[in-house]
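**Q** What follows is a predicted protein model with its sequence.
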Amino acid sequence: MLQNLNTINSLKKLKGLTLVGLGFMLSPLSWWNDLFFNLPLAYFFGYTCAQFSANLFLPCAIAGYWLSNVLGILLMHLGVLDVVQEQSKERNFKKELLIGLASSTVYTVIILLLLQFNILSTPDLFTQRESLTLKSFLPIN
């Protein structure tokens, strides 16, 4: 019986570590993740939305980028709970989701404030009007 309990706890911790790893790769906590994970996911999300209307590409790509970062933070949160909790106790998924969304929203607001007050700067990617068209983003003619 004790061996089964240890095996279950080990599998739970392994699942938690996997969630933390995946979450870290999607989260804004690593500087390299955007190139390999978040931007391709955001591009795919924007491209999918652009199939309905070309004007949706950029807003949906931005939303996809934000959602991938939020998903990363949520996965890390859920994974850490699996790793650090010793006993299997009843978890309130709704409460955990709300806490994760609240912390992600606070993080986003902090970044927006840092941008607003010019503490952080962004590159001038969209200085020309023509760069906002869908053709400039997609490899189609």
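**A** Alright, I've got the coordinates.
**Q** The nearest residue to Lys15 once chain neighbours are set aside: what's it in contact with?
**A** Nearest residue to Lys15, sequence neighbours excluded (C-beta to C-beta, 6 or more residues apart in numbering): Asp82, at 5.7 Å. The way it works is simple: take the backbone N, C-alpha and C, and place the C-beta from them, glycine included. Residues in contact with Asp82 (C-beta atoms under 8 Å, 6 or more residues apart in numbering) are 12-13, 15-16, 19.
**Q** Just the buried subset of these, please.
**A** 16, 19 (16 or more other C-beta atoms under 10 Å).
**Q** Columns secondary structure on top of the contacts of Asp82, output as a markdown table?
**A** Shown next, in a markdown table, are the contacts of Asp82 (DSSP: H, G, I helix; E, B strand; the rest coil):
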| residue | secondary structure |
| --- | --- |
| Lys12 | helix |
| Lys13 | helix |
| Lys15 | helix |
| Gly16 | helix |
| Leu19 | helix |
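**Q** Let me know the closest of the contacts of Asp82 to Tyr107.
**A** Leu19 (18.4 Å; C-beta to C-beta).
**Q** Convert the helix or strand of the chain with the lowest mean pLDDT to CSV, retaining C-alpha atoms only.
**A** In the chain, no helix or strand scores lower on mean pLDDT, DSSP states H and E than helix 93-116, which sits at a mean of 77. Backbone C-alpha positions of helix 93-116 (Å, rounded to 0.1, in the frame of the first residue of the first chain) are rendered in CSV as follows:
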residue,chain,number,x,y,z
PHE,A,93,-9.7,24.2,-10.1
LYS,A,94,-11.9,27.3,-10.5
LYS,A,95,-10.1,29.1,-7.7
GLU,A,96,-6.7,28.1,-9.1
LEU,A,97,-7.7,29.3,-12.5
LEU,A,98,-8.9,32.6,-11.2
ILE,A,99,-5.7,33.1,-9.2
GLY,A,100,-3.6,32.3,-12.3
LEU,A,101,-5.6,34.6,-14.5
ALA,A,102,-5.4,37.4,-11.9
SER,A,103,-1.6,37.1,-11.6
SER,A,104,-1.3,37.0,-15.4
THR,A,105,-3.4,40.1,-15.7
VAL,A,106,-1.4,41.9,-13.1
TYR,A,107,1.8,41.0,-14.9
THR,A,108,0.3,42.3,-18.2
VAL,A,109,-0.8,45.6,-16.6
ILE,A,110,2.7,46.0,-15.1
ILE,A,111,4.3,45.6,-18.5
LEU,A,112,1.8,48.0,-20.1
LEU,A,113,2.5,50.6,-17.4
LEU,A,114,6.3,50.2,-18.0
LEU,A,115,5.7,50.7,-21.7
GLN,A,116,3.3,53.7,-21.1
